[in-house]
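Asks: How does the following fold in three dimensions:
(2 chains)
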Protein chains: 2
Amino acid sequence: MGLIGGSLARALRRGGQCDEIVGCGRDEAHLQKALTLGVIDRYETDIAAAVAGADVVVLAIPLRAMVSVLQQMLMGLAPNAVVTDVGSAKGCVVEEARAILGGRLCDFVPGHPIAGTEKSGVEASFAELFDQRSVILTPLEETAPEQSARVRAMWETAGASVTEMTVLHHDEVLAATSHLPHLLAFSLVNTLASLDESKDIFAYAAGGFRDFTRIASSDPVMWRDICLENRSAMLEVLQLFNHDLQQLEEAVRDNDGDAVVEVFSRAKRTRDRFCG
Amino acid sequence: MGLIGGSLARALRRGGQCDEIVGCGRDEAHLQKALTLGVIDRYETDIAAAVAGADVVVLAIPLRAMVSVLQQMLMGLAPNAVVTDVGSAKGCVVEEARAILGGRLCDFVPGHPIAGTEKSGVEASFAELFDQRSVILTPLEETAPEQSARVRAMWETAGASVTEMTVLHHDEVLAATSHLPHLLAFSLVNTLASLDESKDIFAYAAGGFRDFTRIASSDPVMWRDICLENRSAMLEVLQLFNHDLQQLEEAVRDNDGDAVVEVFSRAKRTRDRFCG
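Replies: Model prediction:
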């Protein structure tokens, strides 16, 4: 019942395809808030009780809670229920699901909505979060096609467009376009925090800096989990980044304007193309 | 007559404090556009002719054009005119002004409005660009206080709040909060461009990535000049960044969650504080 779970609940209610939405979590005050906001119809704090009788179970939880929640959920899961998750890394989730779900692995559809904000919590949730956004599903060999289709239909009801790819491809793509940028933004702001103490630099930060560092306002614990759980793909793209940055640094040091403008121009062309 | 010059002209006109605004540039079609848009009252392509009789001369030009423009301008400058610039690095401009302006150095007030967008050109200019933004002036020992006061009054008319600092402090602050972030954004997008060719990664980039890379859509030639002209301050803060990033990389590699979350949390606290 955070930003993603809450927004999905709102989007599905907007879509009119749910008889009942049951929230689950550890913090009852938070669940009560979700109830008061009309995001859910009722809640349970016991995971097996929450999933009992559910057609669709969505695990919108921190990556590091996955093992425990999968185990507890399994006991209450209805025979034909489908289970999906929203984790930002998929390799780790799949590995855990393989170890825990046994005969129910065919009912598990790993998923990841490419949407979010730097805010957290059900109070930040909104029904439009997934409109025109991508959701990536990474079904396994064992996943039943009709269960994939149900999860696809759910996300389409929520306004998203759904694509499928392999677990490995997903983790590489997200390491490059999401996990590494978060690491860099957190790291830069952390470095500048020390500088700010002596030089008062943030007073003169402009809009470009605000945009560049917006993702450094994201939830530190959630992002620790993502960076560690997907660390092999992330360290790989970080190595590419470091290599290229070092070349650029040498070009700047050598006052090599042609080399610098070549990098900057290619970056601008690329971004202008994909961000229209 | 680009984004900054055009926006300042619009803001000063809005403030009702200008009898006449004269544009100058090399591209007559571009100046004609500024005239058609009502940004300027008339234009000159000859620099000495453009500044003749002006009370205030604003050099809103690329850093690398400064030497040539200062030289040509000097010939037409009225006796009591004040000259200011909007360059993103100040050490290089001051060095050139010292070499060229001679007895008129007292009439030069180095300046830098901390405002801009990733767009360029007079067609992207707007009167509100400087509202509630900071303008940094870095007057020299030789600068006449009454000339500093005139430039301050001009920027206040344009909606900005004006602070003064030393040239060195300016260049350090801007290296940290603007020049290095631009270098990192350009470099990351350049690295990912290669990855995109094989893995189609940008199709799944979310809003966080768009914000993070917005500054990579900035003008490559302008940013080449800034990064090279302020390279000593930028390389210094880049070294700090590289050092801290390497430590963070090791923490990720070692699966050291406490170290990772400490960096992320400090970054989030810092950003939340200075960006409200």
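
Asks: only C-alpha atoms for contact and neighbour calcs from this point on.
Replies: Will do.

Asks: and residue A:83, helix, strand or coil?
Replies: strand (DSSP: H, G, I helix; E, B strand; the rest coil).

Asks: and it, what does it touch?
Replies: Residues in contact with residue A:83 (CA atoms under 8 Å, 6 or more residues apart in numbering or on different chains) are A:56, A:57, A:58, A:59, A:107, A:108, A:109.

Asks: Low-confidence stretches in the stretch 151-276 of chain A?
Replies: Scanning the stretch 151-276 of chain A for pLDDT under 70 picks out A:276.

Asks: Which residue ranges of it form strands?
Replies: In the stretch 151-276 of chain A, the strands defined using DSSP state E, counting those that start in this stretch lie at A:161-164.

Asks: Columns secondary structure on top of the contacts of residue A:83, output as JSON lines?
Replies: Listed next are the contacts of residue A:83 as JSON lines, based on three-state DSSP:
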{"residue": "A:56", "secondary structure": "strand"}
{"residue": "A:57", "secondary structure": "strand"}
{"residue": "A:58", "secondary structure": "strand"}
{"residue": "A:59", "secondary structure": "strand"}
{"residue": "A:107", "secondary structure": "helix"}
{"residue": "A:108", "secondary structure": "strand"}
{"residue": "A:109", "secondary structure": "strand"}
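
Asks: Tell me the one among those nearest to chain B.
Replies: Distance to chain B across these (CA to the nearest CA) is lowest for residue A:109, with 18.8 Å.

Asks: and that closest one, what does it touch?
Replies: With CA under 8 Å, 6+ apart, residue A:109 has these contacts: A:82, A:83, A:84, A:85, A:137, A:138, A:139, A:140, A:143, A:147, A:148, A:151.

Asks: With pLDDT added, can I get the contacts of residue A:83 in TSV?
Replies: Putting the contacts of residue A:83 into TSV (pLDDT from 0 to 100) gives the following:
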residue	pLDDT
A:56	98
A:57	98
A:58	98
A:59	98
A:107	98
A:108	98
A:109	98
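
Asks: Farthest-apart pair in the residues you listed, please.
Replies: Largest separation among those by CA to CA: A:59 and A:107, giving 13.3 Å.

Asks: quick revisit: tell me the one of the contacts of residue A:83 nearest residue A:187?
Replies: The closest of those, once distances to residue A:187 are taken by CA to CA, is residue A:59, at 29.3 Å.

Asks: contacting residues for the residue nearest to that closest one when sequence neighbours are not counted?
Replies: In space, and not counting its chain neighbours, residue A:59 is closest to residue A:85: 4.4 Å by CA to CA, 6 or more residues apart in numbering or on different chains. By CA under 8 Å, 6+ apart, the contact list for residue A:85 reads A:58, A:59, A:60, A:61, A:109, A:110, A:111, A:112.

Asks: Most neighbours among these, please name it.
Replies: For those, the largest number of neighbours (other CA atoms under 10 Å in any protein chain shown) sits with residue A:111, at 31 neighbours.

Asks: Test my guess that residue A:179 contacts residue A:229.
Replies: No. Contact criterion CA atoms under 8 Å: residue A:179 and residue A:229 do not qualify, at 10.6 Å.

Asks: Check the burial of the closest residue to chain B within chain A by counting its neighbours.
Replies: Chain A approaches chain B most closely through residue A:212 (4.1 Å), counting by CA to the nearest CA. For residue A:212, the number of neighbouring residues by other CA under 10 Å comes to 27.

Asks: Please apply the same query to residue A:249.
Replies: By other CA under 10 Å, 20 other residues sit near residue A:249.

Asks: try residue A:248
Replies: Using other CA under 10 Å, residue A:248 has 21 other residues around it.

Asks: Quick check: it vs residue A:264, distance?
Replies: The gap separating residue A:248 from residue A:264 is 10 Å, by CA to CA, to the nearest Å.

Asks: Report how many residues lie close to residue A:194.
Replies: Residue A:194, neighbours per other CA under 10 Å, totals 12.

Asks: now swap in the one 5 residues further on and tell me
Replies: A count of nearby residues for residue A:199, using other CA under 10 Å, gives 15.

Asks: hang on, isn't it packed against residue B:175?
Replies: No. Look at residue A:199 against residue B:175 with CA under 8 Å: they stay out of range, at 12.0 Å.

Asks: before we move on, the earlier item: how close does the residue of chain A closest to chain B sit to residue B:181?
Replies: To residue B:181, residue A:212 is 7 Å away according to CA to CA.

Asks: Tabulate the contacts of residue A:85 (a markdown table), appending distance to residue B:238.
Replies: Shown next, in a markdown table, are the contacts of residue A:85 (distance: CA to CA, whole Å):
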| residue | distance to residue B:238 |
| --- | --- |
| A:58 | 43 |
| A:59 | 40 |
| A:60 | 37 |
| A:61 | 36 |
| A:109 | 43 |
| A:110 | 39 |
| A:111 | 37 |
| A:112 | 34 |
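
Asks: Which two of those have the greatest separation?
Replies: A:61 and A:109 (15.1 Å).

Asks: interface residues of the stretch 51-200 of chain A facing chain B?
Replies: By CA under 8 Å from any CA of the partner chain, the residues of the stretch 51-200 of chain A that approach chain B are A:114-117, A:134, A:169, A:173-174, A:176-178, A:181, A:184, A:186-193, A:199-200.

Asks: who touches residue A:27 in this structure?
Replies: Residue A:27 neighbours (CA under 8 Å, 6+ apart): residue A:45.

Asks: picking up where we left off before, spell out which residues are contacts of both of residue A:248 and residue A:264.
Replies: residue B:187.

Asks: burial measure for the nearest residue to residue A:196 once chain neighbours are set aside, as a count.
Replies: Nearest residue to residue A:196, sequence neighbours excluded (CA to CA, 6+ apart): residue A:202, at 6.6 Å. Applying other CA under 10 Å, we find 23 residues neighbouring residue A:202.

Asks: helices and strands around the strand or helix carrying residue A:147, which ones?
Replies: Assessed by DSSP states H and E, residue A:147 sits inside helix A:145-157. Judged by 3 or more CA pairs under 8 Å, 6 or more residues apart in numbering or on different chains; DSSP states H and E, helix A:145-157 is in contact with helix A:3-15, strand A:82-85, strand A:108-109, strand A:161-164.

Asks: what pairs with residue A:137 across the strands?
Replies: residue A:111, residue A:164 (DSSP bridges).

Asks: mean confidence for the strand or helix carrying residue A:35?
Replies: Using DSSP H and E, the element containing residue A:35 is helix A:28-36. Helix A:28-36 shows a mean pLDDT of 96.

Asks: domains of chain A?
Replies: According to automatic domain parsing, chain A comprises the domains A:3-165, A:170-274.

Asks: between the ones you listed, which one is nearest to residue B:123?
Replies: domain A:170-274 (17.8 Å).

Asks: can you give me the end-to-end distance of the closest one?
Replies: 18 Å.

Asks: Can you give the distance of it from its chain's centre?
Replies: 19 Å (CA atoms, centre = their mean, to the nearest Å).

Asks: Check chain A for its longest helix and report it.
Replies: Under DSSP state H, the helix in chain A containing the largest number of residues is helix A:231-253.

Asks: which residues sit against it?
Replies: Identification of contacts with helix A:231-253 by CA under 8 Å, 6+ apart yields A:171-172, A:175-176, A:179-180, A:227, A:257, A:259-260, A:263, B:184, B:187-188, B:191, B:227-228, B:231, B:235, B:249, B:252-253.

Asks: No more questions from me, cheers.
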